[in-house]
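Student: Predicted coordinates and the sequence they were generated for:
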Amino acid sequence: QNHRQSPTPSLCVASTMAVITNVPGISITVHINGEVAQEYPPLDPTDECTPGPPSNICYIESKSNQSFLVRLTLSQERTTSEANAILFTVFIDGMFARGKFADRHSTCQLSSPMTVDIKDQIIQSDVAGHCIRRSFSFSPVSLVEETTQATVERDSKRAKSLGCIEVNLATCKRGATRVLQPLAPRRNSDFVLAEKAMK
């Protein structure tokens, strides 16, 4: 098999981002190497959100090995509490990455917006009873000339969600805490896909 690095000086990342006009007081941004990522509207007019809860799709540029985080910002007017909290979850490449709660009492007067960052995930360690905190970063994608139809079909499914950052928000009531279950680690942080799967 012949491996070659795909020529990707930048990647367009589909994500549920920015301000949703009918959900006031909440915004989502991606920060790359400490800077807010520039957002772009979809190039394809058919690339729209499916019917359901309010949502938004846009694209950002990225480069391999850059670190990033996803930030939820609540305005001063957006009041939350333990009985009316916001569940903030992030999915990367179609897989759950991490979730957090955002809540504050309505009696708490803040002079600035409240921010909640998700910048890493907790994964299992090879050492029993331990876990690893792994920061988010954009992984390189390598293409391989693969003629096996089964491999092409498998990689085509993976490619559909590759490079996608999905953010879900939901209101909820905070309950009892539970022990954190670390995620199973990926075998390789880089992606090797059949070239035909990307076409």
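Tutor: In hand now; what should we look at? Numbers count the residues shown, from 1 in each chain.
Student: a helix runs through Lys160, doesn't it?
Tutor: Yes. Per DSSP: H, G, I helix; E, B strand; the rest coil, Lys160 lies within a helix segment.
Student: Please report the distance of it from Asp93.
Tutor: Noted for Lys160: a distance of 10 Å to Asp93, by CB to CB, to the nearest Å. All C-beta atoms are positioned from the backbone trio N, CA, C, and that covers glycine.
Student: Counting neighbours, go ahead and name the busier of these two.
Tutor: Between Lys160 and Asp93, counting by other CB atoms under 10 Å, Asp93 is the more crowded of the two (17 against 12).
Student: I figured that one hits Gly163, correct?
Tutor: Yes. The criterion here is CB atoms under 8 Å, and Asp93 meets it with Gly163 at 7.0 Å.
Student: Tell me, how many residues neighbour His31?
Tutor: 15.
Student: go on, the one 5 residues further on?
Tutor: Around Val36 sit 11 other residues, with neighbours defined as other CB under 10 Å.
Student: Double-check it against Ile28; I have them as touching.
Tutor: No. Contact criterion CB under 8 Å: Val36 and Ile28 do not qualify, at 11.1 Å.
Student: these two touch, right, Ala97 and Phe88?
Tutor: No. In this structure, Ala97 is not within contact of Phe88 by CB under 8 Å, at 11.3 Å.
Student: Those two: who's more crowded?
Tutor: More neighbours surround Phe88 than the other of Ala97 and Phe88, with 23 against 20 (other CB under 10 Å).
Student: dump the residue contacts of the more buried one.
Tutor: Phe88 sits next to 72, 99-102, 116, 118, 167-169 when contact means CB atoms under 8 Å, 6 or more residues apart in numbering.
Student: Check Gln66 too.
Tutor: Gln66 makes contact with 32-33, 137-138, according to CB under 8 Å, 6+ apart.
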